[in-house]
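Peer 1: need a structure here:
(one chain, ligands or ions: 1)
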Amino acid sequence: MNLILLGAPGSGKGTEAKFLAEYYKIKKIVLGDILREEVKNNTSLGKIVSEYMKKGILVPDDIIMKVVREKLDSAGFVLDGFPRNLAQAEMLEEILKEKALSLDGVIYLKVNEEKAVERLSGRRVCKNCGAIYHIVNMPPQKEGICDKCGGKLIIRDDDREETVRKRWQVFRRETFPLISYYLKDSKLLEVDANKSKEEVFLEIKKALDSYGKDKDFSGN
Ligand code: AMP
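Peer 2: Next up is the predicted model:
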């Protein structure tokens, strides 16, 4: 199964990508995580992308395409955070053609802005292992400390409210047009992402089951 997860910042893409990857045994390709790792390791790529990311704006397409071309190597994937604009969607089609791969579905996690801001402003991330918490919905056992590795929990630079609002503007302007782009192909599956992460995952599975009746989307 080859999927794309689309959604505004705070729609829960990261969480649902993880569930999908585990359940359907597919590889998750999370652009934001790949870029954050480069920044953390202070690589040459990391140095280039960090300023864009801090400001909440998109990294140039040519840089993103190089990363995707390298990571997208076989069937069975869920793409999170890519494509982010029409140019990237068109470039993705080229890459898929080159690699004789095809898309099975595009899941759109629809969330309202206030809900998303609330989620992101309460999010805490382990500086060491990247584990994710939420101060209200999923607090760590000890405030500010990661349950898994004892690392320090921090607020991502781009989760501050001002930057989140900026990322939403970018989403509306650049990414939202992809909804009609994929609707045309009848590949779009819209899911209400204001609910809990478990409920959202159930809805995604239901949508994939009815969409993929003729394919084997059983997760086995
Ligand atoms: P995310 O964790 O998906 O919200 O991504 C965090 C940041 O990484 C974004 O605000 C962008 O600066 C950058 N980024 C992630 N994916 C892309 C992409 N497909 N195109 C351009 N920039 C991206």
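Peer 1: what's the closest non-adjacent residue to Phe171?
Peer 2: Counting by CB to CB, 6 or more residues apart in numbering, Phe171 lies nearest to Ala8, which is 4.5 Å off, once chain neighbours are set aside. C-beta coordinates here come from the backbone N, C-alpha and C atoms, glycine included.
Peer 1: Which strand or helix spans Glu198?
Peer 2: Assessed by DSSP states H and E, Glu198 sits inside helix 197-211.
Peer 1: Which residue ranges of the protein form helices?
Peer 2: With DSSP state H as the criterion, the chain has helices at 13-24, 31-40, 44-55, 61-71, 86-98, 113-121, 161-170, 177-184, 197-211.
Peer 1: So the shortest one, near the ligand or not?
Peer 2: Spelled out, it's helix 177-184. No: contact of helix 177-184 with the ligand (CB under 6 Å from any ligand atom) is absent, the minimum separation being 10.8 Å.
Peer 1: contact partners of the helix holding Glu198?
Peer 2: 1, 12, 15-16, 19-20, 23, 105, 107, 109, 189-193, 195, 217, 219 (CB atoms under 8 Å, 6 or more residues apart in numbering).
Peer 1: go again using 6 Å as the cut-off
Peer 2: For helix 197-211, the surrounding residues in contact (CB atoms under 6 Å, 6 or more residues apart in numbering) are 12, 15, 19, 105, 107, 189, 191, 193, 217.
Peer 1: Apart from its neighbours in sequence, what residue is nearest the single nearest residue of the chain relative to the ligand?
Peer 2: Nearest residue of the chain to the ligand (CB to the nearest ligand atom) works out as Gly32 at 2.3 Å. Leaving aside its sequence neighbours, Gly32 sits nearest to Gly81 (CB to CB, 6+ apart; 4.8 Å).
Peer 1: okay, now the one you found: neighbour count?
Peer 2: 22 (other CB atoms under 10 Å).
Peer 1: likewise Ala17?
Peer 2: 22.
Peer 1: contacting residues for it?
Peer 2: Ala17 touches 5, 28, 30, 78, 80, counting by CB under 6 Å, 6+ apart.
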